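Visitor: got a structure for you, letters missing:
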């Protein structure tokens, strides 16, 4: 059954003591800039085992797909644009899923998830404030800033995985694109600072999505981002602020 529900936002506070911005985030190790029509993973590792394969897409039966990934090195972020075209004579309604295998292998600590972003990191009960050089980066998945995102998109962190779902209805002859960003932050010294910087990067992308290098035609088809966030998103999400909420650790399934 085709889902059409509004996703509640969950904004959280991350508190492992004083949170400071990461001083020297490590550059992404895997630089990927390409276009493809393949549906498989676009990034293998990313940085220090962040991924075991990222951005595989499924659920677009009947639609053609054109994919573009860019590495935004200055903000330690991958940008993925997937464009779906309905070349049939009928309307197609479907739920498209992006699957990312996390390198954390079941040790995920969830800072926030839902819509329009999810933030998580690997945590195997290391004392707060301890060096994090042996751990995976903090991951911030940012995937929208408008009412369409709230009504149709949801990101969920589960053991060893991040899944992003969007409900799409595409008319005959129409193209609809979904844009998403994955930010990887690690500086080997301070986990709370990494979370703070990842959250800041995500805030910035929600308030001002990086569309550099995309054509006017590509931008015109993007459904889940507006050049300026809609008032509904600002009111619900509170851009630039980290609201009160909760953080929780995912338990590995037996």
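Guide: Yep, it's here. The structure displayed is predicted, hence computed values, not measured ones.

Visitor: in which helix or strand does the residue nearest to residue 63 when sequence neighbours are not counted reside?
Guide: Among residues not flanking residue 63 along the chain, residue 84 sits closest, at 4.4 Å (CB to CB, 6 or more residues apart in numbering). No exception for glycine: its C-beta is placed from N, CA and C like everyone else's. Taking DSSP states H and E as the criterion, residue 84 maps to strand 77-85.

Visitor: partner strands of the helix or strand just after that strand and their direction?
Guide: Next in sequence after strand 77-85, counting helices and strands by DSSP H and E, comes strand 92-101. Its sheet considered, strand 92-101 pairs with strand 56-58 (antiparallel), strand 161-170 (antiparallel) by DSSP bridges.

Visitor: can you lay out those strands as JSON lines showing mean pLDDT?
Guide: Output for those, formatted as JSON lines (pLDDT from 0 to 100):
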{"stretch": "strand 56-58", "mean pLDDT": "98"}
{"stretch": "strand 161-170", "mean pLDDT": "98"}
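
Visitor: highest average neighbour count across those strands?
Guide: With neighbours defined by mean count of other CB atoms under 10 Å, none of the strands paired with strand 92-101 is more surrounded on average than strand 161-170, at a mean of 20.

Visitor: how far does that one sit from the chain's center?
Guide: Relative to the chain's own centre, strand 161-170 is displaced by 11 Å; criterion: CA atoms, centre = their mean, to the nearest Å.

Visitor: any weak-confidence spans in the stretch 51-200 of the chain?
Guide: For the stretch 51-200 of the chain, the stretches flagged by pLDDT under 70 are 124-133.

Visitor: tell me where it has strands.
Guide: 56-58, 64-72, 77-85, 92-101, 108-112, 117-122, 138-142, 153-158, 161-170, 175-185 (DSSP state E, counting those that start in this stretch).

Visitor: other SSEs contacting the fifth one?
Guide: In other words, strand 108-112. If contacts are counted by 3 or more CB pairs under 8 Å, 6 or more residues apart in numbering; DSSP states H and E, strand 108-112 sits against strand 117-122, strand 153-158, strand 248-249.

Visitor: beta partners for residue 182?
Guide: Residue 182 forms beta bridges with residue 78, residue 141, as assigned by DSSP bridges.
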